[in-house]
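Participant: sequence and predicted model, in that order:
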Amino acid sequence: MSLTVFTVVEAFLEILAAHGIESIADVRTIPRSRHNPQFGSEALAASLQRAGLEYSHLPLLGGLRRPRPDSRNLAWRNGSFRGYADHMETAEFEAGIASLLPLAGDRHTAILCAEAVYFRCHRALISDALVCRGIEVVHLFDARRREPHRPTQFMKVRDGCPFYPAEQGELPGGGAGEVVGEDAGAAPAGNNKMMR
């Protein structure tokens with residue numbers, strides 16, 4: 001009987017290789033882990049470099065954001081997600097996206113954070129922002145499973161940017177309120193690819 005033991009980094013590298021990933025964009029605000037030190041930025045960068053992959057830390061896209069008192073993203077009940085949605089409306093977030101896009105343009109790039117599944121992480125909101133820009137986003141689950149990003153159900157789009165308003169009731173004069181801009185369910189066509 002053949003016995004194989006993998007470390008977490010080796011298994012992680014196998015997933016990346018299976019999907020042709022060439023670059024990691026780390027979107028953790030604090031790029032370290034007490035429980036998995038091999039995923040600290042220095043150790044991870046070294047492991048990726050040995051495997052021929054590029055590592056970039058993009059703190060402008062990092063999580064751990066607090067909601068603004070005047071937030072319009074009230075559909076998010078979770079304060080962390082609402083805070084990140086508010087952050088997405090800032091010049092800092094736009095600068096982070098501007099740093100990410102050239103990486104993805106040069107190499108197949110995956111964004112990385114601490115949460116294993118994207119829908120429990122701010123990567124879901126970053127994915128919404130990328131889809132609104134016409135960029136294909138694909139979520140990687142293991143060496144075989146991948147699926148395209150489906151925008152957050154209650155996302156709306158205005159001027160190519162996502163936001164998450166609380167549901168609006170009937171307005172005076174009848175009819176429901178409308179959001180100006182593109183339909184959130186139909187992202188603009190684009191041939192750029194972003195994998196995570």
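Facilitator: Arrived safely.

Participant: grab the nearest non-local neighbour of residue 83.
Facilitator: residue 65 (3.8 Å; CB to CB, 6 or more residues apart in numbering). C-beta here means a position set from N, CA and C on the backbone, and glycine is covered the same way.

Participant: my guess is the one you found contacts residue 81. True?
Facilitator: No - counting by CB atoms under 8 Å, residue 65 stays clear of residue 81, with 9.2 Å between them.

Participant: overlap in contacts, those two.
Facilitator: residue 122 (CB atoms under 8 Å, 6 or more residues apart in numbering).

Participant: could you check how far the longest strand anywhere in the chain is from the centre of its chain?
Facilitator: Identified as the longest strand of the chain according to DSSP state E is strand 135-140. Centre-to-centre, strand 135-140 and its host chain are 9 Å apart (CA atoms, centre = their mean, to the nearest Å).

Participant: what pairs with it, parallel or antiparallel?
Facilitator: When pairing is defined by DSSP bridges, strand 135-140 lines up against strand 146-148 (antiparallel), strand 192-195 (parallel).

Participant: which regions of this protein sit below the pLDDT cut-off?
Facilitator: Scanning the chain for pLDDT under 70 picks out 1-9, 168-196.

Participant: which residue is nearest the centroid of this protein?
Facilitator: What sits nearest the mean C-alpha location of the chain, by CA atoms, centre = their mean, is residue 123, with 2.5 Å.

Participant: could I get the contacting residues of residue 115?
Facilitator: Residue 115 touches 121, 123, counting by CB under 8 Å, 6+ apart.

Participant: give me the distance between it and residue 72.
Facilitator: Here residue 115 is placed at a distance of 25 Å from residue 72 (CB to CB, to the nearest Å).

Participant: wait, a strand at residue 35?
Facilitator: No - using DSSP: H, G, I helix; E, B strand; the rest coil, the assignment for residue 35 is coil, not a strand.

Participant: how many neighbours does it have?
Facilitator: Residues near residue 35, counting by other CB atoms under 10 Å, number 6.

Participant: helix/strand/coil for residue 70?
Facilitator: Here residue 70 is recorded as coil under three-state DSSP.

Participant: got the phi and psi for it?
Facilitator: Main-chain dihedrals, residue 70, degrees, to the nearest 10: phi -100, psi 20.
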